[in-house]
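Q: sequence plus predicted model, see below.
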Amino acid sequence: MINRDQIPPCDDCLHNYDSIFKHLTPEEHAIVEREKVCNTYKRGSVIYHEGSRTNGFYCINSGIIKIFKTGIDGREQIIAFAKKGGIIGYRSILSNELACSSAKVIEDATLCFVPGETLIKLVKTNGNFSMAIMQQTCKELGEANAFITDIAQKTVRERLAEILLKLMEIFELNEDGVLQISLTREELANIVGTATESVIRLLSEFKHDKLIDLNGRKIKILDIKQLEKISNAFN
């Protein structure tokens, strides 16, 4: 656990990110500040497991978290990422159900845990906050529906191109045009929904066609327009 004087203030996220907590009153902010518990986690740390009972949710102060489900063969299917300013684990609290997915750290992170009772209290007493939570839930549901459609209707090549574009949208590119997230080939395959060997082959093809460049886990985007064309993003 982080020492009390090292706990990151909520204002850090509120002022720099489009956080749902911007809808809270000063008094409600003070409650969250008082009741949260913050910890640091190394890459590979599991925050919670699918099927477990959680008693709170997490705010991301730094780092990157992958959200995934595990298939009957034990293979991961990555369904989302969370970064600074985001929240994870809140739907299980609102629905009073077991966690429907697992969360694992892929870039060293600092997370703030907020008790479920605090979330329920805020939802009941703050209409704007409740609306923001509902909007976020609907957004995530829409993204899940779009992913299901892609899996059913798009080729692996199209899906990989689309995933690269989505990663660029979420994490942006640095000044050299490199995606600001480092993923293993297996993790990338677990997002696309295919075998690792297929992703390795397609990445090599994309590099040969000068759509991307590769340096270990780093992916440099060279031709956005062609990736958009391959992904059928606007069809």
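A: Received, thanks.
Q: got the contact list for His49?
A: By Cβ atoms under 8 Å, 6 or more residues apart in numbering, the residues touching His49 are 99, 102. Where you see a C-beta, it was placed from the backbone N, CA and C, and this is true even at glycine.
Q: show me the contacts for Gln180.
A: With Cβ under 8 Å, 6+ apart, Gln180 has these contacts: 171-174.
Q: run the last query once more with 10 Å
A: Residues counted as contacts of Gln180 (Cβ atoms under 10 Å, 6 or more residues apart in numbering) are 64, 83, 107, 167-168, 170-174, 218.
Q: and what of Asp223?
A: So Asp223 contacts 206, 209-212, 229-230 (Cβ under 10 Å, 6+ apart).
Q: re earlier: write the ChimeraX selection for whichever of the contacts of Gln180 are buried.
A: Only the buried members of the contacts of Gln180 enter the following ChimeraX selection, criterion being 16 or more other Cβ atoms under 10 Å:
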select :64,83,107,167,168
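Q: ok, back up a step: among the contacts of Asp223, which ones are buried?
A: Buried among the contacts of Asp223 by 16+ other Cβ under 10 Å: 206, 211-212, 230.
Q: show me what the nearest residue to Lys36 once chain neighbours are set aside bridges to in the sheet.
A: In space, and not counting its chain neighbours, Lys36 is closest to Cys112: 4.5 Å by Cβ to Cβ, 6 or more residues apart in numbering. For Cys112, the beta-bridge partners under DSSP bridges are Cys38, Cys59.
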